[in-house]
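Enquirer: predicted coordinates and the sequence they were generated for:
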Amino acid sequence: MANHKSALKRVRQNIKKNMRNSSLRSRLKTFIKSFRASVAKKDQELALTNLNRVVKAYDKAATKGVLHKKNASRSISRLTKHYNTIAAK
């Protein structure tokens, strides 16, 4: 356990940051799951709205430092390619 005042503050900050980050990651996973479900149903309109939500969530996570910028970019690219499989038909 931390003994210094600054170390105690750092522990409190880490707990807050961890809760915020896990919340963002969980929301992102939920959006991805709903997007993949809409692609599986081949519902193009629903998939597009879900894709937009996923992209926004990835951008926010990258901005907040939850994910690396290139990780978010790569994931968005892959999901967009996934969407394009039903959009082309």
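Expert: Alright, I've got the coordinates. Just so it is clear, the structure is predicted and the values come from calculations on it, not from any experiment. Numbering: from 1, shown residues only.
Enquirer: make it CA atoms for all contacts and neighbour counts henceforth
Expert: OK.
Enquirer: from memory Val55 sits against Arg78, does it?
Expert: No. If you go by Cα atoms under 8 Å, Val55 and Arg78 don't touch, sitting 11.1 Å apart.
Enquirer: compare those two and say which one has the larger neighbour count.
Expert: For Val55 versus Arg78, neighbours defined as other Cα atoms under 10 Å are more numerous around Val55 (22 against 12).
Enquirer: any idea how far the more buried one lies from Tyr83?
Expert: Val55 sits at a distance of 12 Å from Tyr83 (criterion: Cα to Cα, to the nearest Å).
Enquirer: check contacts around the residue nearest the centre of the chain.
Expert: In the chain, the C-alpha nearest the mean C-alpha coordinate belongs to Leu28, at 3.3 Å (Cα atoms, centre = their mean). Residues near Leu28 by Cα atoms under 8 Å, 6 or more residues apart in numbering: Val54, Ala57, Tyr58.
Enquirer: secondary structure element holding it?
Expert: For Leu28, the element it lies in under DSSP states H and E is helix 5-40.
Enquirer: keeping just the C-alphas, turn the helix or strand just after that helix into PDB.
Expert: With elements assigned by DSSP H and E, the helix or strand that comes after helix 5-40 is helix 44-64. Extracted in PDB, the C-alpha atoms of helix 44-64 (Å, rounded to 0.1, in the frame of the first residue of the first chain):
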ATOM      1  CA  GLN A  44     -27.600  -2.600 -44.900                       C
ATOM      2  CA  GLU A  45     -29.200   0.400 -43.300                       C
ATOM      3  CA  LEU A  46     -28.900  -0.900 -39.700                       C
ATOM      4  CA  ALA A  47     -25.300  -1.900 -40.400                       C
ATOM      5  CA  LEU A  48     -24.500   1.500 -41.700                       C
ATOM      6  CA  THR A  49     -25.900   3.200 -38.500                       C
ATOM      7  CA  ASN A  50     -24.100   0.700 -36.300                       C
ATOM      8  CA  LEU A  51     -20.900   1.200 -38.300                       C
ATOM      9  CA  ASN A  52     -21.100   5.000 -37.700                       C
ATOM     10  CA  ARG A  53     -21.600   4.300 -33.900                       C
ATOM     11  CA  VAL A  54     -18.600   2.000 -33.900                       C
ATOM     12  CA  VAL A  55     -16.400   4.500 -35.700                       C
ATOM     13  CA  LYS A  56     -17.300   7.300 -33.400                       C
ATOM     14  CA  ALA A  57     -16.600   5.100 -30.300                       C
ATOM     15  CA  TYR A  58     -13.200   4.000 -31.700                       C
ATOM     16  CA  ASP A  59     -12.300   7.600 -32.400                       C
ATOM     17  CA  LYS A  60     -13.300   8.600 -28.900                       C
ATOM     18  CA  ALA A  61     -11.300   5.800 -27.400                       C
ATOM     19  CA  ALA A  62      -8.200   6.700 -29.400                       C
ATOM     20  CA  THR A  63      -8.600  10.400 -28.400                       C
ATOM     21  CA  LYS A  64      -8.900   9.500 -24.700                       C
END
